[in-house]
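Visitor: Here is my input; please provide its structure:
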Amino acid sequence: MSDLDATFAALSDPIRRQILGRLAQGEATVGELAAPFSISPPGISRHLRVLEAASLIVRERRGQHRVCRLDAGPLARASDWLEVYRQFWTSSFDRLAEHLERTKGDEHG
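Guide: Have a look, this model is predicted:
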């Protein structure tokens, strides 16, 4: 699986997206990340493993706690990939608007 595939696969789950949203505010313990969800500790651990495998988070042990922080590098690469398509669609809609404007002008002329 490519890095980009792993990023999008990790982002496909709403719980993982919420975890990333929380980590965008700053690092957090596994317990803090699990608190808003009604899933088991093994369930939250599975989500964190997926995010870690996609290099979206870094987990480290600090004393008795596992602390997680966001690694936004893969998100930047996904954003760059999506930007190509955003530019394509923007250009396509601009051409369509120009065409419609010309067509409207032809109808009244």
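Visitor: Buried residues of the one helix or strand R102 maps to, list them for me.
Guide: In the assignment (DSSP states H and E), R102 maps to helix 73-108. Using 16 or more other C-beta atoms under 10 Å as the test for burial, helix 73-108 gives P74, L75, A78. C-beta here means a position set from N, CA and C on the backbone, and glycine is covered the same way.
Visitor: Report the contact partners of the second one.
Guide: If I follow you right, that is L75. L75 makes contact with T7, L20, L56 under the criterion C-beta atoms under 8 Å, 6 or more residues apart in numbering.
Visitor: from memory the last one sits against P74, does it?
Guide: Going back to what we said before, that points to L56. Yes. The pair L56 / P74 is scored as a contact, 5.5 Å apart, by C-beta atoms under 8 Å.
Visitor: okay, and the common contacts of the two?
Guide: The contact lists of L56 and P74 share T7, where a contact means C-beta under 8 Å, 6+ apart.
Visitor: Quick check: bridge partners of the closest residue to E27 other than its chain neighbours?
Guide: Among residues not flanking E27 along the chain, R69 sits closest, at 4.0 Å (C-beta to C-beta, 6 or more residues apart in numbering). As for beta bridges, R69 partners with V58 under DSSP bridges.
Visitor: I'm done for today, thanks for sticking with me.
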